[in-house]
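> coordinates for the following, if possible.
(one chain, ligands or ions: 1)
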Amino acid sequence: MNLTVRTLWIGTGLLLAGWAHAHEASWNRPRQPFRIYGNSWYVGTQGLSAILITSPQGHVLIDGTLEGKAAQIEANIRALGFRLCDIKWILNSHAHADHAGAIARLARDSGATVAASAAGAKALRLGGNDPDDPQFGMAPRYPAVTPVEVVADDAAVQVGPIAVVAHYTPGHTPGSTSWTWRSCEGGRCLTLAYVDSLTALGRHGFRYRDEPARVAGFRQTFAMVASLPCDILITPHPEASGFMQRVAARDREHAPDALIDAGACRAYAAVAEPRFEERLAKELQGARHAGN
Ligand SMILES: [Zn+2]
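Purely as a prediction, here's the structure:
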């Protein structure tokens, strides 16, 4: 599993390294919606996650994908037999165009309330144009989301029996948030963890090491992610965690537990952390070469 994750991770790093690749085919490729586990459903595109958690009292949607994909996400939700107007909350992993671009429209069409971490809410209201974002000036803008409610760290967003807990995991962006909740199937309840991107990317000249609080926050995030309750790991970019391969194995081999791996969050953090430290070391080398 480690090796697979590492290989895929490098792919994702390259993919995200340049927004020139923002129209990467898999981001736009339609994907038939499917059940992840219990009342948790995948309604995103092939390469960008959107997760629907359903209950008779209303639903929660996490992430919206790209601005131009709103209609596709809505069609996926309807194809599963759910109504847009039953979505009560829309949550976000981080406020970049590939995860938040469609949120303004999805909120308008459903009437749902949008909620995010404090820093995430600020970036959503700015339509991704957030000066505190390491990718400020490089990441594309998208329709601003207003209003956005703030969810405190460790607080839960609730609808009927659903409780989705926010875990602030800053690093990739200041507002990066991971979400966990319980879903049950035939009396067996598992924790699903939607863990945000852990890649350290920035505009030209941006250095994490110039801001010790950012470095400390990112290191804390790795420890936090490694310790999350995590029976099924899902990531905003499915390929960052080999998610679609695990889904394919489940369906192809009739292996109902192929998605379940209590060590998945730990493995995800273990791959990302050395890459961050590597970047910090390179930033230092760059400073030496520049004579400062
Ligand atoms: Zn991003």
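> show me how far stretch 255-264 is from its chain's centre.
Here the centre of stretch 255-264 is set off from its chain's centre by 19 Å, with Cα atoms, centre = their mean, to the nearest Å.
> can you give me the end-to-end span of that stretch?
Using Cα to Cα, to the nearest Å, one end of stretch 255-264 lies 17 Å from the other.
> can you list the buried residues in that stretch?
By neighbour count on 16 or more other Cβ atoms under 10 Å, the buried set for stretch 255-264 is 258-261, 264. Where C-beta positions appear, they are placed from N, C-alpha and C, glycine not excepted.
> which residues does it contact?
1, 36-37, 190, 193, 230-233, 241, 243, 246-247, 249-250, 267 (Cβ atoms under 8 Å, 6 or more residues apart in numbering).
> likewise for stretch 63-73?
Stretch 63-73 has contacts (Cβ under 8 Å, 6+ apart) with 22, 27-28, 30, 43-45, 48-51, 90-93, 97-103, 105-106, 109, 142-143, 236.
> hey, C-alpha coordinates of the strand or helix carrying residue 248 in CSV?
Assigned by DSSP states H and E, residue 248 belongs to helix 243-252. C-alpha atoms of helix 243-252 as CSV (Å, rounded to 0.1, in the frame of the first residue of the first chain):
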residue,chain,number,x,y,z
PHE,A,243,-9.1,5.6,-3.8
MET,A,244,-10.4,4.7,-7.2
GLN,A,245,-8.1,1.6,-7.4
ARG,A,246,-9.5,0.5,-4.0
VAL,A,247,-13.0,1.0,-5.3
ALA,A,248,-12.2,-0.9,-8.5
ALA,A,249,-10.8,-3.8,-6.4
ARG,A,250,-13.9,-3.8,-4.2
ASP,A,251,-16.2,-4.0,-7.2
ARG,A,252,-14.1,-6.3,-9.4
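> can I assume residue 89 sits in a strand?
Yes. Under DSSP: H, G, I helix; E, B strand; the rest coil, residue 89 sits within a strand.
> what's opposite it in the beta bridge?
Beta-bridge partners recorded for residue 89 (DSSP bridges): residue 60, residue 113.
> and it, how far from residue 249?
Relative to residue 249, residue 89 is positioned 31 Å away (Cβ to Cβ, to the nearest Å).
> go on, residue 268?
18 Å.
> for the two, indicate the residue with more neighbours.
residue 268 (25 against 14; other Cβ atoms under 10 Å).
> what angle do the host helix or strand of that one and helix 243-252 make?
Residue 268 belongs to helix 264-289 when elements are defined using DSSP H and E. Compare the direction of helix 264-289 with that of helix 243-252 by axes from the mean of the first three to the mean of the last three Cα atoms, to 10 degrees and you get 160 degrees.
> just the buried ones among the contacts of stretch 255-264, please.
36-37, 190, 193, 230-233, 241, 243, 246-247, 250, 267.
> between those, which sits nearest residue 135?
Taking Cβ to Cβ as the measure, residue 241 is the one of the buried ones among the contacts of stretch 255-264 closest to residue 135, at 21.1 Å.
> lowest average confidence, helix or strand, in this protein?
Counting by mean pLDDT, DSSP states H and E, the chain has its least confident helix or strand at helix 2-17, which shows a mean of 41.
> next SSE after that one?
Where DSSP H and E defines the elements, the next helix or strand beyond helix 2-17 is helix 25-28.
> report the buried residues of that next one.
Across helix 25-28, burial judged by 16+ other Cβ under 10 Å covers 27-28.
> contacting residues for the residue nearest the centre of the chain?
Ranked by distance to the mean C-alpha position of the chain (Cα atoms, centre = their mean), the top residue is residue 236 at 3.3 Å. Contacts were defined as Cβ under 8 Å, 6+ apart; by that measure residue 236 touches 48-49, 63, 93-94, 98-99, 194, 196-197.
> let's see which of those end up in strands.
Judged by DSSP state E, strands contain the following of the contacts of residue 236: residue 194.
> much appreciated, bye for now.
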